[in-house]
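In: Got a sequence here, can you build the structure:
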Amino acid sequence: MLQEIERQTSFQHRERETMVHCDTVIVGSGITGLLLAKKLSDLGQSIILVDSNSKLAFGASIKNHGWLHRGTVHAVSIPDKTQAKNVVQKLIYGHEFIKSYAGECIEDPFEPIYVTTDEALTAQRAVELWKEFGVDYEEISREVFYEKDELINQDSSSYFFKSSDLKINNRILFQKLLSDIKRNQGMVVPMADIRLTDSKTMSVLTHERKLGIRAEAFVYCTGAVLDQTYQKVTGSSLNISFWKSHLLYLPRFNPYSVVSLDKDGPIIINHREMSVINRGYDEMSCTQGDYTVDQSQVASSFSSLRKKYPIVVELRDRLRFIACIKPSIKTINDQRHSVESNILEPVPGHYFVLPGKMTEAPYVVDELIHAIYQKLDFSEISQRPIDEFSAHESFSKNIHLPQSA
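Out: Just a heads-up that it's a prediction; the model follows:
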């Protein structure tokens, strides 16, 4: 329990090390780290959340559309049907959790996100997959949509659908998670550099102090720098690849969020007075997880947007843009939209996590809690027979997330 963390407070200077004990150390404060810290502390576990940045949720968790997926796009965009179904199931799981847990982070809940395609075959395939995977949708005629959105190029799209995807203010979500962590007496340590002393002890250095943390489990969810963290702990490489895409920001120019299923079609997610834009299948494979902007990609995305909404030409001088990064463990069939969620345990008690898409994080975190279950403190609760029996067995440490049935 967190209130039972052992603290030696006699050392007042940074060069002296304060020793603490907790159940779980979590390194990285994106959606995965924050959500895991909240759920573990809800279970009465003592946690310490460590991050190298001064602000929490610095990376991909905050640099995105603010789009709460429910499988509408990924059902269609992932070529492998089994993988697509697996991702969609996790997205629906995460969508329902976030909507239930933090309804206040949902923006304009009654304003739909529309999905469009120019291709009859894409529309037909989308409907077939949505029905099979349990993705909610409603087909909208061209005439009805054009009445709703008079600014769209009416020669550009032929098929329209209303989705159950939502828009979120993820900063509100993260603040709620952080508030719950603090309410549960979790310790948060920003601006920290970590070094593993032994398999159960980590040295954490900040500008103000040096901590020695002893824990039963260590979880690393450091996103784009996960490979660097992995090398610190194991001495070997995780073989990470990166997918870079670009987000454009403009003053809001249309009444609804509109998402194209087509290659290079614009994706527009509106947040109050601003629009966040990129284009479909725009991710580029890159070897480093940096946020350097490729101006040619920005130009291509703006050109795609202009074809769909000619009015944006008038807003060109107000355009802003950033690059965002999606890390993935390299596979033989590395391809766009196949960024997989992963839980690895290369060293006993040390878990490395990639959530896949942000909306998958609730599913991945729950699977992770089951993976580290034996290391958690449930000493006041009777064991299940399966716990007693499994304690005498030896199992593989390779953890695989369950696939679709």
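
In: For the rest of this, base every contact and every neighbour count on C-alpha atoms.
Out: Fine.

In: What strand or helix carries Phe160?
Out: strand 159-163 (DSSP states H and E).

In: That strand - contacts with which helices or strands?
Out: Applying 3 or more C-alpha pairs under 8 Å, 6 or more residues apart in numbering; DSSP states H and E, one finds that strand 159-163 contacts strand 113-117, strand 137-140, helix 142-148.

In: Please repeat the previous calculation with a cut-off of 10 Å.
Out: strand 113-117, helix 120-133, strand 137-140, helix 142-148, strand 257-260 (3 or more C-alpha pairs under 10 Å, 6 or more residues apart in numbering; DSSP states H and E).

In: did I read that right, Ile26 in a strand?
Out: Yes: looking at Ile26 with DSSP: H, G, I helix; E, B strand; the rest coil, it is inside a strand.

In: Wait, it touches Ser52, no?
Out: No: counting by C-alpha atoms under 10 Å, Ser52 is not a contact partner of Ile26; they are 11.8 Å apart.

In: distance between stretch 280-296 and the chain's centre?
Out: 18 Å (C-alpha atoms, centre = their mean, to the nearest Å).

In: quick one: contacts of the one helix or strand Ser300 maps to?
Out: According to DSSP H and E, Ser300 maps onto helix 295-308. The contact list for helix 295-308 (C-alpha atoms under 10 Å, 6 or more residues apart in numbering) reads 151-157, 245-248, 260, 264-268, 277-280, 282-284, 309-313, 316, 319-323.

In: So which bits of that helix are buried?
Out: Gln297, Val298, Ser301, Phe302, Ser303, Ser304, Leu305, Arg306, Lys307, Lys308 (16 or more other C-alpha atoms under 10 Å).

In: before we move on, what about stretch 318-325?
Out: Buried residues in stretch 318-325 (16+ other C-alpha under 10 Å): Phe321, Ile322, Ala323, Cys324, Ile325.

In: quick one: Glu96 and Ala361 touch, right?
Out: No: applying C-alpha under 10 Å, one finds Glu96 not in contact with Ala361, separated by 11.8 Å.

In: Looking at the two, which one has more neighbours?
Out: In this view Glu96 and Ala361 are compared by other C-alpha atoms under 10 Å, and Ala361 has more residues nearby, 28 against 14.

In: which residues does the closest residue to the more buried one other than its chain neighbours contact?
Out: Take Ala361 and drop its neighbours on the chain: the residue closest to it by C-alpha to C-alpha, 6 or more residues apart in numbering is Pro355, 5.1 Å away. Pro355 sits next to 30-32, 221, 223, 327-328, 339-343, 361-365 when contact means C-alpha under 10 Å, 6+ apart.

In: per-residue confidence at Pro355?
Out: We have a pLDDT of 89 for Pro355.

In: Would you map the helices across this structure?
Out: For the chain, applying DSSP state H gives helices covering 31-42, 74-77, 81-101, 120-133, 142-148, 170-183, 226-234, 295-308, 361-371, 385-390.

In: Same list, those helices, but as TSV with mean pLDDT please.
Out: TSV is the format used below for the helices of the chain (pLDDT from 0 to 100):
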stretch	mean pLDDT
helix 31-42	98
helix 74-77	96
helix 81-101	97
helix 120-133	97
helix 142-148	95
helix 170-183	98
helix 226-234	92
helix 295-308	97
helix 361-371	96
helix 385-390	85
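
In: got the ones you listed as TSV, with distance to Asn254 columns?
Out: Output for the helices of the chain, formatted as TSV (distance: least, C-alpha to C-alpha, whole Å):
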stretch	distance to Asn254
helix 31-42	30
helix 74-77	24
helix 81-101	25
helix 120-133	23
helix 142-148	10
helix 170-183	22
helix 226-234	38
helix 295-308	11
helix 361-371	30
helix 385-390	56
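
In: so who does Ser164 touch?
Out: With C-alpha under 10 Å, 6+ apart, Ser164 has these contacts: 68-72, 95, 109, 112-114, 135-138.

In: Buried among the residues you listed? Make that a ChimeraX selection.
Out: In ChimeraX syntax, the buried subset of the contacts of Ser164 is picked out as below (16+ other C-alpha under 10 Å):
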select :68,69,70,71,72,95,109,112,113,114,135,137
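
In: where does the stretch 151-300 of the chain dip in pLDDT?
Out: The stretch 151-300 of the chain contains no residues with pLDDT under 70.

In: if we go to 90?
Out: 155-158, 207-209, 224, 238-242, 283-291 (pLDDT under 90).

In: circling back: if we only consider the contacts of Ser164, which is nearest to Ala102?
Out: His95 (10.7 Å; C-alpha to C-alpha).

In: Roughly how far does the closest one sit from Cys324?
Out: Distance of His95 to Cys324, given as C-alpha to C-alpha, to the nearest Å: 22 Å.

In: and what of Lys375?
Out: Going from Lys375 to Cys324 by C-alpha to C-alpha gives 35 Å.

In: so what pLDDT did the nearest residue to Lys90 once chain neighbours are set aside get?
Out: For Lys90, ignoring the flanking residues on the chain, the nearest one in space by C-alpha to C-alpha, 6+ apart is Glu360 at 5.3 Å. Turning to Glu360, the model gives it a pLDDT of 95.

In: Touching, Glu360 and His74? I think so.
Out: No: Glu360 is beyond contact range of His74, at 11.8 Å (criterion: C-alpha under 10 Å).
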